[in-house]
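**Q** With the sequence up front, the predicted model follows.
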Amino acid sequence: MHDIRRTVRTGLSITGATPFIAEQVIGHRQSGVHAVYDLHKYDHEKRDALLKWEAHLLRIVGETPEPTGNVVPLAGNVARRR
């Protein structure tokens, strides 16, 4: 389980998630003043980060996720160009 958390946490950084949101996604709690005064759950931000992680994984395995919202798929497969 720990290796999966580490892989996801690293992957979230690769996809552009901020360190704060990535830590929230893997279940790390805020501490200190933030824990007392910031009661926002960051659900929207965590969902966005996980959707980007999903798209990253699908590119690795050669699938393209269905476009949602204002996301437009790029031509070709980025993973295969490496």
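**A** It's in.
**Q** Excluding chain neighbours, give the residue nearest to Leu50 in space.
**A** Val25 (6.4 Å; CB to CB, 6 or more residues apart in numbering). Just so you know, the C-beta spots here come from the backbone N, C-alpha and C atoms, and that holds for glycine as well.
**Q** what's near enough to touch the one you found?
**A** By CB atoms under 8 Å, 6 or more residues apart in numbering, the contact list for Val25 reads Val8, Arg9, Leu12, Ala17, Lys46, Ala49, Leu50.
**Q** now do Val8
**A** Contacts of Val8 (CB under 8 Å, 6+ apart): Val25, Ile26, Trp53.
**Q** Which one of those residues is nearest to His2?
**A** Ile26 (10.3 Å; CB to CB).
**Q** So the closest one versus Thr7, what's the distance?
**A** Going from Ile26 to Thr7 by CB to CB, to the nearest Å gives 10 Å.
**Q** Now for the residue nearest the centre of the chain: which residues touch it?
**A** By CA atoms, centre = their mean, the chain has its centre lying nearest to Ala49, at 3.0 Å. Residues in contact with Ala49 (CB under 8 Å, 6+ apart) are Leu12, Thr15, Ala17, Ile21, Ala22, Val25.
**Q** which one of those residues is nearest Ile60?
**A** Nearest member of those to Ile60, counting by CB to CB, is Thr15, at 11.6 Å.
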